[in-house]
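Enquirer: the following block contains a protein sequence and its predicted model.
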There are 2 protein chains.
Amino acid sequence: MDAVRIISDYIRFPSVSTDPAFAEGMAGARGFAAKLLASAGLAVEVVETPLHPIVLGRRTGPGSWPHVVLYGHYDVQPADPLNLWTTPAFEPSVRAGRLYGRGAADNKGPHATAILGLARLLRRRPELPLRLTVLLEGEEEIGSPSFNDFLEKYRGELAGADFVLLSDTGSPSSEQIVVTTGLRGIIGLELRLTGPQMDLHSGLHGGAVYNPIQALAEICASLHSADGRVNIPGFYDGIAPLEQWERDELARFPLTESAYRKFLGVDALYSQAGCTPIEATRFAPTLEFNGIGGGYQGEGGKTVIPSTAFAKITCRLVPGQDAQDIVRKVSAAIEARVPPGVLSSILVRQGNNAYHVCPPRRTGTPPKQNPVLAQAFGLASEAITRNFGRPPLFLREGGSVPIIGDIKAVTGLDSLMIGLFMPDSNLHAPDENIELAVIERGMDTYEDFLEKLAAAGR
Amino acid sequence: MDAVRIISDYIRFPSVSTDPAFAEGMAGARGFAAKLLASAGLAVEVVETPLHPIVLGRRTGPGSWPHVVLYGHYDVQPADPLNLWTTPAFEPSVRAGRLYGRGAADNKGPHATAILGLARLLRRRPELPLRLTVLLEGEEEIGSPSFNDFLEKYRGELAGADFVLLSDTGSPSSEQIVVTTGLRGIIGLELRLTGPQMDLHSGLHGGAVYNPIQALAEICASLHSADGRVNIPGFYDGIAPLEQWERDELARFPLTESAYRKFLGVDALYSQAGCTPIEATRFAPTLEFNGIGGGYQGEGGKTVIPSTAFAKITCRLVPGQDAQDIVRKVSAAIEARVPPGVLSSILVRQGNNAYHVCPPRRTGTPPKQNPVLAQAFGLASEAITRNFGRPPLFLREGGSVPIIGDIKAVTGLDSLMIGLFMPDSNLHAPDENIELAVIERGMDTYEDFLEKLAAAGR
């Protein structure tokens, strides 16, 4: 399939946004994305930002045409641990009906699928009455620090569009697509503790100094209660209650706890008061440790009391929580728990609220929606049903696409999110992949949906 | 000074025993040590072991001559973090009256000082009535795994000696030498926790799995009580009470808590029930975290729930604790605290009991001593007083020289330990160093002491 070759070429650029060593890979992926948009017939502009530029593609037309903003990100997560990949992360390969490589699922594969479906539609229907603005950013994996300024600058153009369309969310399998109606927000911070001013011999000084690893363990351990919930004053304040249609929809979701345990390779799921583990991944806020380090890391032992230790922490947020408020509460709780003899510093890395849209024809309180968006949920549902063989589920998801909330806040636009990665796509992990069938049906769905949307008009 | 040049040449061999990459440095240091002993007039043998060979030097004579076993170790700690050294760890340099380099203080500098003093004595008194066995091992920094088998094999020869003499302990300054009367024992273990079978996206799966870093933090945090003591059932069982002469001797030790805080660069010392921080470093058992790791370690963030996390733990033991018993108790306590959904594995790395000898003319209950050892404490005290200008203190020390207890157990020999490193010698840390004055006075002291010891006879 030609699309697989194109997506493979895209993956080959190692566009790791968090690490300055990958500047060349970022530039390569950006150039590739620009060519992809141009070959679909869009006018392309590369918008400079303080860090990684944004690739912007446009198809203009009369104000009576629907106007869709298509979003994707060309940056990827780091590929480490490199030794756990079956084939190298940036040398894509096809095995057993899947394309493997860093970015195959998050997010090069899905947004390229959308653009390739769009390109086919526009080749067939060059006069299609549809306006498009395609935004491909390069900082999604590091919290999109430049995106808000971009939104402010392009607010006039974007605010006139009807909705945002994207595939940066998941579905349980290629047999059951999910349209994502909400995303968790995220905050990230790095806690660094300093004890003695230099590494110390643990025999000569052990007993007289507060080991910063001990202090770090005690602080980190204090951040959850015995009931499994986050133990930070006010953390759960203001959270919106789960709506009944959401529980009903999740009940139709084809995943049992037993199958989930097997997939994860654990003998028990995490238990927290107030929800099941599967509910927790979509509807509960979390506090997770993404990394911890300090002292001797090599082979064997080294009898040292280290000078410093660190933990990388992120919280996933749900509707009702304010990112900046949670940053303050987490930071204050940590600082209050630093023992004497140890100094702390906290670096705040990310902050984005959760996002929630209520599709029409659901119970609950639907938000104000423009007519094109309201119609789009129905048309997307029909196109998914035709091309994937089953109606989609409408569900909130646990991941974060931080810019979705920012777009809403700055431009007023809601988002329609079609999930094109699966639980075994290995996002952020070795052997990331996308099914070839998803690429094919995804292209068909995007082509079908956008054609019907244009036909329905504004 | 010729001795400084010789010790510098010795330091230049990077003999890091814990890391197989340094095999060449180990061989180089071993060859250098053998030549050093030969040049002092000793017969040299290199004894193979399963890992790093032992260098053995001998001076034989009639059974009426005192027989001293001189001990040292030619292996060193890893030099990392390399970037914190003012000059490279294995390129020794002299600055402001000190010789800098990995091994300068632990232990190449001190045992070379002893051998150089001995060499000068034997050049001056070639007929000196003194028998010597010099043991230089290469596995001290990794717990001396081969040393017990060596002791068993050479038990007959060693058991006939009078005592062991060594300088692998510390003194508060070159103005106040300490004769060390005890050492803490040590056990080492590495705890590895495994949660999900692969690294997971913290958005998609956060809330459903027990993050192994969280489990590790909770387990590590549980290992100390709020009163600062080790929170493991039975950990303090059987510990011998501190004797009054030891408290009195420590009261003469020239270190205030304020000066110690300043030296460590902390605003408060660690506080634990039952002793002061300075007492704790010598007389209390500890549990320390030497390293912790898991998840993303690089720059920036990565929103991952890691599959595994680890902690490197050592306990320092005091007289009355049994190393194997403590290994069992610590392991059992950890295993009992592993939560559901997480698997643990514990690698046991070291195990040695504490060691304690009571010098003559002290209150308390002196152990059975042979007459040469009893005499040696007095003669060493006099030689130290003459050459360093002040009588030594007799004190237990917090560090571990694991083989001292093994030697006692296998051969019955007690040890006389003259402290030649200082608090600012930076053991196991960057910018390790030894004072040039200590090398000079140390050589004088060894020469003086051994001459008097030989004169006193058996």
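Expert: Nice, thanks for sending it over.

Enquirer: right, and residue A:447 touches residue A:118 too?
Expert: Yes. Using C-beta atoms under 8 Å, residue A:447 is in contact with residue A:118, at 7.2 Å. In short, each C-beta sits where N, CA and C put it, glycine included.

Enquirer: do a quick rundown of the helices in the stretch 101-250 of chain A.
Expert: A:108-124, A:147-153, A:155-159, A:202-205, A:212-221, A:244-251 (DSSP state H, counting those that start in this stretch).

Enquirer: distance of residue A:194 from residue A:209?
Expert: Noted for residue A:194: a distance of 11 Å to residue A:209, by C-beta to C-beta, to the nearest Å.

Enquirer: er, residue A:127 I mean
Expert: Distance from residue A:127 to residue A:209, by C-beta to C-beta: 75 Å.

Enquirer: between the two, which one's more packed in?
Expert: Neighbours of residue A:127 and residue A:209, each counted by other C-beta atoms under 10 Å in any protein chain shown, are more numerous for residue A:209; the result is 28 against 8.

Enquirer: tell me the contacts of the more buried one?
Expert: Contact analysis of residue A:209 by C-beta atoms under 8 Å, 6 or more residues apart in numbering or on different chains lists A:195, A:196, A:200, A:305, A:341, B:264, B:266, B:269, B:270, B:277.

Enquirer: skipping adjacent residues, who's closest to the second one in space?
Expert: If I follow you right, that is residue A:196. Among residues not flanking residue A:196 along the chain, residue B:264 sits closest, at 4.4 Å (C-beta to C-beta, 6 or more residues apart in numbering or on different chains).

Enquirer: do the same with the first one
Expert: Nearest non-adjacent residue to residue A:195, counting by C-beta to C-beta, 6+ apart: residue A:212, 3.9 Å away.

Enquirer: for residue A:342, see how far away that neighbour is.
Expert: Distance from residue A:212 to residue A:342, by C-beta to C-beta: 6 Å.

Enquirer: mind listing the shared neighbours of the two?
Expert: Common neighbours of residue A:212 and residue A:342 (C-beta under 8 Å, 6+ apart) are A:193, A:194, A:195.

Enquirer: wait, doesn't the last one sit right on residue A:342?
Expert: This points to residue A:195. Yes. At 5.2 Å, residue A:195 counts as touching residue A:342 under the criterion of C-beta under 8 Å.

Enquirer: these two - which one has more neighbours?
Expert: Between residue A:195 and residue A:342, counted using other C-beta under 10 Å, residue A:195 has the larger neighbour count: 29 against 25.

Enquirer: and the nearest residue to residue A:125 once chain neighbours are set aside, what's its pLDDT?
Expert: Computed as C-beta to C-beta, 6+ apart, the closest residue to residue A:125 that is not its neighbour in sequence is residue A:451, at 6.6 Å. Residue A:451 is assigned a predicted lDDT (pLDDT) of 98.

Enquirer: neighbours around residue A:146, how many?
Expert: Neighbours of residue A:146 using other C-beta under 10 Å come to 19.

Enquirer: I'd say it and residue A:75 touch.
Expert: No. If you go by C-beta under 8 Å, residue A:146 and residue A:75 don't touch, sitting 11.5 Å apart.

Enquirer: any residues in contact with both of the two?
Expert: Common contacts of residue A:146 and residue A:75, defined by C-beta under 8 Å, 6+ apart, comprise A:52, A:137, A:139.

Enquirer: tell me the secondary structure for the first one?
Expert: For residue A:52, the secondary-structure state derived from DSSP: H, G, I helix; E, B strand; the rest coil is coil.

Enquirer: residues contacting residue A:254?
Expert: With the criterion set at C-beta under 8 Å, 6+ apart, residue A:254 makes contact with A:172, A:173, A:176.

Enquirer: repeat for residue A:429
Expert: Applying C-beta under 8 Å, 6+ apart, the residues contacting residue A:429 are B:198, B:199, B:200, B:201, B:304.

Enquirer: ranking those residues by neighbours, who comes first?
Expert: Within these, most neighbours by other C-beta under 10 Å means residue B:304, with 29 neighbours.

Enquirer: for it, list each beta-bridge partner.
Expert: With DSSP bridges applied, residue B:304 shows beta-bridge pairing to residue B:201.

Enquirer: I'd say it and residue A:427 touch.
Expert: No. With contact defined as C-beta under 8 Å, residue B:304 does not count as touching residue A:427 (9.6 Å).

Enquirer: list residues touching both of those two?
Expert: Common neighbours of residue B:304 and residue A:427, counting by C-beta under 8 Å, 6+ apart, are residue B:201.

Enquirer: for the residue nearest to residue A:196, the count of nearby residues, please.
Expert: Applying other C-beta under 10 Å, we find 22 other residues in the vicinity of residue B:264.

Enquirer: likewise for residue A:227?
Expert: Residue A:227: 10 surrounding residues under other C-beta under 10 Å.

Enquirer: for it, give its distance to chain B.
Expert: From residue A:227 over to chain B the distance is 13 Å, taken as C-beta to the nearest C-beta, to the nearest Å.

Enquirer: isn't that residue up against residue A:236?
Expert: No. Counting by C-beta under 8 Å, residue A:227 stays clear of residue A:236, with 11.9 Å between them.

Enquirer: for residue A:276, give me its contacts.
Expert: Residue A:276 makes contacts with residue A:257, as judged by C-beta under 8 Å, 6+ apart.

Enquirer: report pLDDT for it.
Expert: On the pLDDT scale, residue A:276 gets 93.

Enquirer: so how far is residue A:163 from it?
Expert: 32 Å.

Enquirer: next one: residue A:49
Expert: For residue A:49, the distance to residue A:163 equals 24 Å [C-beta to C-beta].

Enquirer: and for residue A:416?
Expert: 6 Å.

Enquirer: now do residue A:280
Expert: 29 Å.

Enquirer: what about residue A:288, which SS state?
Expert: Residue A:288 ends up strand, using three-state DSSP.

Enquirer: so it touches residue B:202, yeah?
Expert: Yes. Using C-beta under 8 Å, residue A:288 is in contact with residue B:202, at 4.6 Å.

Enquirer: pull up the overlap in contacts between the two.
Expert: Contacts common to residue A:288 and residue B:202, judged by C-beta under 8 Å, 6+ apart, are A:314, A:316, B:303, B:305.
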